[in-house]
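Participant: All I have is the shape, not the residue letters:
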């Protein structure tokens, strides 16, 4: 079940991860690439922020899945509140989420039950560690930057930047297949094939779907499993950096084409977008569970989640 959460979280967490998991060093250059790295590092220093994010997946123009999230995050202590609207397989569901008092609390709009998981030294500790570790190790940050610069190579020359009179910046990158490095074109098909295959494995390994706070068939996998002629057709990344050098808006589009095992052609378009506000002035909401119907989520030895009835 933890793996399924990773899949769900990836649709709205990728853009946030750009801000909270990277500690790249700023450099003196004014190129779009260096300006983006500078804003990325500065954004990593915020203690709290409000995030509005959305993601979508299309196959041959048909929308398969969408996710919209509104989150209030305290990156210093790991507290969080918000909700996510998910649509997949013709169904829609809203999930409210809280992280407070060493607990993760989940509730769907279709039930009056609050699912609670004790974080202890697990989720919150990792969240806080993720936010602080790289900042406390500048040498690691420099090494990470060197590796990323080497991987990016000449792609930095494709990053464009427009600077407004107030100091804010618009940074963008557009790449077609021919502009992508050979190593990306070689590795991407393998990664994409494994990713679509992994979704099938996650679905098949779900031992007790009724224990998870979603409808049993809500997460039915409709994403085609690409097996041949896989290639990245287009990559687009845009970012707006405000005058305080914080990333205020981030969006990315990835177009992938290929064929499934039957030979049917697919063109998948993945869109991710995130807007950040309330820098260092956001306070997550808190939830009082007193008098509410509560069900405890516990982890077993396989890392899956199981539910125990526990009305409080």
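Facilitator: Received, thanks. Quick caveat, the model's predicted, so the values are computed rather than measured.
Participant: make it CA atoms for all contacts and neighbour counts henceforth
Facilitator: OK.
Participant: do you know how far residue 147 is from residue 140?
Facilitator: 11 Å (Cα to Cα, to the nearest Å).
Participant: Residue 59 now?
Facilitator: Residue 59 sits 40 Å away from residue 140, going by Cα to Cα.
Participant: The two: which is more packed in?
Facilitator: With neighbours defined as other Cα atoms under 10 Å, residue 59 and residue 140 compare such that residue 59 has more, 20 against 15.
Participant: Now the more buried one. Nearest residue, chain neighbours left out?
Facilitator: residue 268 (4.6 Å; Cα to Cα, 6 or more residues apart in numbering).
Participant: So for the helix or strand containing the one you found, mean pLDDT?
Facilitator: Counting by DSSP states H and E, the element that carries residue 268 is strand 265-277. When pLDDT is averaged over strand 265-277, the result is 97.
Participant: picking that back up, residues in contact with the residue nearest to residue 59?
Facilitator: Going by Cα atoms under 8 Å, 6 or more residues apart in numbering, residue 268 touches 57, 58, 59, 60, 255, 256, 257.
Participant: confidence score at the first one?
Facilitator: Just to be clear, that refers to residue 57. 94.
Participant: now the fifth one
Facilitator: In this model, residue 255 is scored at 95, pLDDT.
Participant: Hmm, it is touching residue 232, no?
Facilitator: Yes: taking contacts as Cα atoms under 8 Å, residue 255 lies within contact range of residue 232: 6.0 Å.
Participant: one step back: with distance to residue 240 added, can I get the contacts of residue 268 in a markdown table?
Facilitator: Formatted as a markdown table, the contacts of residue 268 follow (distance: Cα to Cα, whole Å):
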| residue | distance to residue 240 |
| --- | --- |
| 57 | 23 |
| 58 | 25 |
| 59 | 28 |
| 60 | 29 |
| 255 | 22 |
| 256 | 25 |
| 257 | 29 |
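Participant: Go through the residues you listed and name the one nearest residue 110.
Facilitator: Nearest to residue 110 out of those is residue 57 (Cα to Cα; 24.2 Å).
Participant: How about the secondary structure of the closest one?
Facilitator: Assigned with DSSP: H, G, I helix; E, B strand; the rest coil, residue 57 falls in the strand class.
Participant: what number of residues lie near the closest residue to residue 279 other than its chain neighbours?
Facilitator: The shortest distance from residue 279 to any residue other than its chain neighbours is 4.7 Å, reached at residue 49 (Cα to Cα, 6+ apart). Residue 49 has 21 neighbours, counted by other Cα under 10 Å.
Participant: Now do the helices in the stretch 51-200 of the chain.
Facilitator: Counting by DSSP state H, counting those that start in this stretch, the stretch 51-200 of the chain has helices at residues 123-132, 138-152, 182-204.
Participant: Would you single out the least confident of those?
Facilitator: Lowest mean pLDDT within the helices of the stretch 51-200 of the chain: helix 123-132, at a mean of 54.
Participant: Return the distance of the strand holding residue 268 from the chain's centre.
Facilitator: Relative to its parent chain, strand 265-277 has a centroid offset of 11 Å by Cα atoms, centre = their mean, to the nearest Å.
Participant: What strands line up against that strand, and which way round?
Facilitator: Under the criterion DSSP bridges, strand 265-277 sits next to strand 48-59 (antiparallel), strand 247-259 (antiparallel) in its sheet.
Participant: how near is the residue nearest to residue 59 to residue 251?
Facilitator: In this view, residue 268 and residue 251 are 17 Å apart by Cα to Cα.
Participant: which residues of the stretch 1-150 of the chain score low on pLDDT?
Facilitator: Along the stretch 1-150 of the chain, segments meeting pLDDT under 70 span 1-30, 120-137.
Participant: still on that earlier bit, for residue 93, which of the strands paired with strand 265-277 is the nearest?
Facilitator: Evaluated with Cα to Cα, the strands paired with strand 265-277 place strand 48-59 nearest to residue 93, the distance being 14.5 Å.
Participant: In that closest one, which residues are buried?
Facilitator: Buried positions in strand 48-59, judged by neighbour count with 16 or more other Cα atoms under 10 Å: 48, 49, 50, 51, 52, 53, 54, 55, 56, 57, 58, 59.
Participant: Make TSV from those and add distance to residue 72 to it.
Facilitator: TSV is the format used below for the buried residues of strand 48-59 (distance: Cα to Cα, whole Å):
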residue	distance to residue 72
48	8
49	6
50	5
51	6
52	9
53	11
54	15
55	18
56	21
57	25
58	28
59	31
